[in-house]
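# With the sequence up front, the predicted model follows.
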2 protein chains.
Amino acid sequence: MHEPGKNRTVRDVGEFALIRRLQKRLGRRPQPVPLGDDAAVLNWRENTPLVVTCDIQMEGIHFRRSYLTPEGIGYRAMAVNLSDLAAMGAVPEYAVVSLGLPGHFSVDELDALYDGFENALSRFGGEIVGGNLSFSPGRLLVDITLIGRPAARRVLTRSGARPGDRIYLTGTCGAAALGFLVLNRLPPEKRKRFAPLVQAHLAPVPLIALGSRLAEIEGITAAIDTSDGLVQDLGHICEASRVGAVLFAEALPVPPLAQELCRELGRDLQSIILGGGEDYQLLFTTRPAVSEEAVRRLARETGSSVQCIGEIVAGEGVWLQEGKSRRRLKASGWDHFRQEAAPE
Amino acid sequence: MHEPGKNRTVRDVGEFALIRRLQKRLGRRPQPVPLGDDAAVLNWRENTPLVVTCDIQMEGIHFRRSYLTPEGIGYRAMAVNLSDLAAMGAVPEYAVVSLGLPGHFSVDELDALYDGFENALSRFGGEIVGGNLSFSPGRLLVDITLIGRPAARRVLTRSGARPGDRIYLTGTCGAAALGFLVLNRLPPEKRKRFAPLVQAHLAPVPLIALGSRLAEIEGITAAIDTSDGLVQDLGHICEASRVGAVLFAEALPVPPLAQELCRELGRDLQSIILGGGEDYQLLFTTRPAVSEEAVRRLARETGSSVQCIGEIVAGEGVWLQEGKSRRRLKASGWDHFRQEAAPE
């Protein structure tokens, strides 16, 4: 894919090729789940395995202080991490928080940041048990490591999808990217109208309860959370499971107010639904024997909604079926080294 | 200590008052060791507890690329984290690595960074099991979370020191700070002469084996690694144990070449020995019944050296005994929010 050469940068190669590179290098010692899923699953003596995930959030890259309070930053950073546990069917136990604080950051702001962490943990479980404070010139940094345990006898992974499986999505995709557009492209007086989209960007809800319930059902074959964008995240499942996927254009749920906003901004709605990241919904696959009604009931009982949006097929790639035509989609979502700000 | 007020910044308050503040806030749910030690000790079902620590290393703050290769950065970041486990008498099992990479960082440099991580892990134990790659504008960031297990039936903490205990230090203190001075104050042609000091700064050795052996001995009452500076770190033991400490000036080991370097640079050697940080030696206290010979043998068997440098006393504060005079020392070591570069 890339020419070998001395001076390739991480930007040349891109996030996902780098991750594959590290997987190859590091994936020698056996663990219950190979490297590269939403979280690591680790043997711990003869006991319940550990499910461990970490994520760094950096001012100006992952969030901007112009539209997030310190409390909001804390909530969002924790929620984003919790979502990785949700995708594995794990429940949070412990959080370790590493902070890089600019010298002008106030003690009140630090308290508010912790209020945000604890808002998330009190809703979804887990407690802060340690961390590290460091000076950071200019930018606020929040790096959280979460340690959870499997909610069921197994964890959900990206690698179990099989041809014939149905593909489900909770909520909608694209809402968070649209919310980001509202914040960055609309004048303040017009933003209020699109508050649900802004909320989707600022305060995602990690689906811990649903992930836990899904892990209990054998017929759920793979899961991931939608952080990079629908096509890209479905592509991760396809790659890990060595299958392809077809999305049904007509079945893709449209975020509320999305059509109106796209008209206002002259944007293409479908490409935002397919490529917009940071929704932190669950995307999962089920054996055909698992009834749509059962899946819907689970989602309802855990406070979310779900839609069957496609089907796993033999082969490779992510395809879009519109009427009778089927075209292959290019992953157009988030790559940390190819974009320098949140998605547009 | 500080006037209450709306606009206090983290720099006004300082790292250690902030940590105490967070301890108060977070220390509600019981764990085997209260918040604020070198690492968190966490119950995991009915099994071996987890010992968890994290530390962020940031280009320009914790290291400079002018004198560390990517491999050296990786080794050092991992070693610094491992040292926190050593101080608890824990052995490393798993590492999770969160990286913030500038776009111009090359793939070869990323490989070299991982070479450095693995150099440290292959020497001291543990394996990388997961992580996160993110874009970071300008500065390389390395945040590592380590998960270890106690080497013995208990962990070492800061809080068990009692009056009458002897205070031991491995190796020397001040060597890393002197090495930093060599790199920053001496012209390149003069640096070679002071290579052991530079090495102490660039490539600290986490004392995992010694920490493990110390944890097995009941008479070892407290331990910490010297990351902030001798007086400050001893002060952490005193505060956690509610005792005071007397250092014997004549017993403090002097790093090799330190006198010569201090003469050359016109620096006061004693203040560097007492205040210079980042040596990552072990500082620990023993009941009087533990013989000095036994401690020396343990150190020798695990490849280090040890010196009795003082005594725990009733009361508070860290004191320096020089001949017949005794004066109280002010902690003059490292505070992340009060300095903006490595110690001088």
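Structure received. Predicted model only: the values in this text are computed from it and were never measured. Residues are numbered from 1 along each chain as shown, chains lettered A, B, ... in the order given.
# Determine the set of other helices and strands touching the helix or strand where A:Leu146 lies.
Applying DSSP states H and E as the criterion places A:Leu146 in strand A:141-150. Helices and strands touching strand A:141-150, by 3 or more CB pairs under 8 Å, 6 or more residues apart in numbering or on different chains; DSSP states H and E, are strand A:47-58, helix A:70-87, strand A:90-101, strand B:47-58, strand B:90-101, strand B:141-150. Bear in mind the C-beta positions are built from the backbone N, C-alpha and C, glycine included.
# Go through those and name the closest to B:Arg185.
Among these, strand B:47-58 comes nearest to B:Arg185, with 22.4 Å by CB to CB.
# Return the set of buried residues in that closest one.
For strand B:47-58, the neighbour count (16 or more other CB atoms under 10 Å in any protein chain shown) marks B:Pro49, B:Leu50, B:Val51, B:Val52, B:Thr53, B:Cys54, B:Asp55, B:Ile56, B:Gln57, B:Met58 as buried.
# Which helix or which strand is home to A:Gly310?
With DSSP H and E as criterion, A:Gly310 is part of strand A:306-313.
# following that strand, which helix or strand comes up?
Going down the chain from strand A:306-313, the next helix or strand is strand A:317-322, by DSSP H and E.
# next SSE after that next one?
Next along the chain after strand A:317-322, taking DSSP H and E as the criterion, comes strand A:325-329.
# before we move on, back to that, so which two of the buried residues of strand B:47-58 are the farthest from each other?
B:Pro49 and B:Met58 (30.0 Å).
# how far away is the closest residue to A:Arg213 other than its chain neighbours from B:Phe284?
The spatial neighbour of A:Arg213 that comes closest, neighbours along the chain excluded (CB to CB, 6 or more residues apart in numbering or on different chains), is A:Leu298 at 5.1 Å. For A:Leu298, the distance to B:Phe284 equals 53 Å [CB to CB, to the nearest Å].
# neighbour count winner among the two?
Ranked by neighbour count (other CB atoms under 10 Å in any protein chain shown), A:Leu298 and B:Phe284 place B:Phe284 first, with 29 against 19.
# How about the backbone phi and psi for the more buried one?
Main-chain torsions, B:Phe284, degrees, to the nearest 10: phi -150, psi 160.
# May I ask which helix or strand encompasses the residue lying closest to it once chain neighbours are set aside?
The shortest distance from B:Phe284 to any non-neighbouring residue, by CB to CB, 6+ apart, is to B:Ala223 (3.9 Å). Per DSSP H and E: B:Ala223 is located in strand B:220-225.
# What are the contacting residues of that strand?
Residues from elsewhere that reach strand B:220-225, judged by CB atoms under 8 Å, 6 or more residues apart in numbering or on different chains: B:38, B:83-84, B:86-89, B:156-162, B:165, B:206-207, B:211, B:214, B:233-234, B:236-237, B:240-241, B:280-287, B:290.
# Among these, name the ones in helices.
B:83-84, B:86-88, B:211, B:214, B:233-234, B:236-237, B:240-241 (DSSP state H).
# before we move on, what SS does the residue sitting nearest the centre point of chain A have?
The centroid of chain A falls nearest to A:Ser227 when counting by CA atoms, centre = their mean (2.7 Å). The three-state label given to A:Ser227 by DSSP: H, G, I helix; E, B strand; the rest coil is coil.
# ok, now which ones touch it?
So A:Ser227 contacts A:Val80, A:Ser83, A:Asp233, A:Gly277, A:Glu278, A:Asp279, A:Tyr280, A:Trp334 (CB under 8 Å, 6+ apart).
# Perfect, that will be all.
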